[in-house]
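Asks: Sequence and predicted model, in that order:
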Amino acid sequence: MRRNIEVVSFDVDGTLVSMDFNNMIWMEELPALIGRKKGMSLEEARAYTISEYEKVGENDMRWYEMNHWIRHFDLDTTFEVILSKYASKVEIFPDVIPTLERLKSKYILILTTAMPREFLNVKIREFKGFFKFDFSVISDFKLLKTPESYLKICNILNILPSRLIHIGDHWGFDYIAPKEAGANAIFLDREKKRAGDSVIHNLEELEL
């Protein structure tokens with residue numbers, strides 16, 4: 001049991017919604033477009049696309065920005081066209097709504113993600129009403145999920161970091177970074193690769 005928590009922050013990808021939506025866009029749609037443009041098979045285009053992603057890496061904001069990759073690959077499409085094609089494919093994990101229902105009367109619920117807001121708006125539309133605030137740290141602060149991002153959020157909410165707890169599935173961005181900011185954190189490990197007092201394997205295990 002954690003005392004004095006006022007705000008519960010959730011990551012989105014891998015925490016509230018499945019990664020399948022991302023995989024369809026980044027590992028299927030973009031490679032298919034690149035393959036057609038360059039005369040590659042899908043397998044060849046996927047390998048090439050991944051190699052280009054890896055040159056940037058997840059610690060660079062360009063990694064998350066679809067318009068950067070559309071320009072980089074010189075593709076004849078738009079962010080909006082791709083999103084509209086896959087918007088219906090967002091899959092919410094089955095433990096999400098019951099958990100939000102359980103917490104909504106006790107805490108202020110917020111979302112904290114590194115994805116650009118255009119992606120965020122598509123992914124959360126079915127459960128947006130549970131959250132008082134949603135933060136895209138890239139769009140709102142021009143930052144990744146760093147200790148500074150979490151401190152900015154606490155400042156906006158006018159709370160001490162110790163009054164916030166964040167739940168997410170990335171060890172660095174969702175666990176280490178908020179802890180370094182003085183906030184609380186829980187690592188959601190749906191693949192059951194870690195264990196410990198601050199690790200849960202599904203949201204039904206969340207106890208505050």
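Replies: Right, received. Where do you want to start?
Asks: From now on I want contacts and neighbour counts done on CA atoms only, so please keep to that.
Replies: Will do.
Asks: which residues in the protein form helices?
Replies: With DSSP state H, the ranges of helices along the chain come out as 20-23, 30-38, 42-56, 66-72, 79-86, 96-103, 117-123, 137-141, 147-157, 177-180.
Asks: Save those helices as a markdown table, and put in mean neighbour count and distance to residue 201 too.
Replies: Compiled in a markdown table, the helices of the chain are given as follows (neighbours: other CA atoms under 10 Å; distance: least, CA to CA, whole Å):
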| stretch | mean neighbour count | distance to residue 201 |
| --- | --- | --- |
| helix 20-23 | 16 | 19 |
| helix 30-38 | 19 | 31 |
| helix 42-56 | 15 | 28 |
| helix 66-72 | 16 | 30 |
| helix 79-86 | 13 | 28 |
| helix 96-103 | 14 | 13 |
| helix 117-123 | 17 | 22 |
| helix 137-141 | 18 | 25 |
| helix 147-157 | 17 | 23 |
| helix 177-180 | 21 | 19 |
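Asks: who wins for proximity to residue 202 among the ones you listed?
Replies: helix 96-103 (9.1 Å; CA to CA).
Asks: gap between that closest one and the chain center?
Replies: 18 Å (CA atoms, centre = their mean, to the nearest Å).
Asks: sorry, back to before: do you know which of the helices of the chain lies nearest residue 190?
Replies: Nearest of the helices of the chain (CA to CA): helix 96-103, 12.7 Å.
Asks: which other residues reach that closest one?
Replies: 16, 109, 127, 130, 203-204 (CA atoms under 8 Å, 6 or more residues apart in numbering).
Asks: 7 Å instead?
Replies: 16, 130, 203-204 (CA atoms under 7 Å, 6 or more residues apart in numbering).
Asks: Okay, now the unreliable bits of this structure?
Replies: Applying pLDDT under 70 to the chain picks out residues 1-3.
Asks: what residues go with each domain of it?
Replies: Per automatic domain parsing, the structural domains of the chain span 7-18+91-205, 20-88.
Asks: Please name the residues that touch residue 115.
Replies: With CA under 7 Å, 6+ apart, residue 115 has these contacts: 64, 136, 138.
Asks: residue furthest from the geometric center of the chain?
Replies: residue 39 (32.8 Å; CA atoms, centre = their mean).
Asks: For residue 42, see how far away the nearest residue to residue 46 once chain neighbours are set aside is.
Replies: Residue nearest to residue 46 in three dimensions, not counting chain neighbours: residue 31, with 4.9 Å by CA to CA, 6 or more residues apart in numbering. For residue 31, the distance to residue 42 equals 6 Å [CA to CA, to the nearest Å].
Asks: got it, and residue 51?
Replies: From residue 51 to residue 42 the distance is 14 Å (CA to CA).
Asks: ok, back up a step: which among the contacts of residue 115 gets closest to residue 7?
Replies: Of those, the one sitting nearest to residue 7 (CA to CA) turns out to be residue 136, at 16.6 Å.
Asks: Give the burial count for the closest one, as a bare number.
Replies: Using other CA atoms under 10 Å, the number of residues around residue 136 comes to 23.
Asks: Settle this for me: it is touching residue 116, isn't it.
Replies: Yes: using CA atoms under 7 Å, residue 136 is in contact with residue 116, at 6.0 Å.
Asks: Check the spacing between the residue nearest to residue 46 and residue 47 real quick.
Replies: 8 Å.
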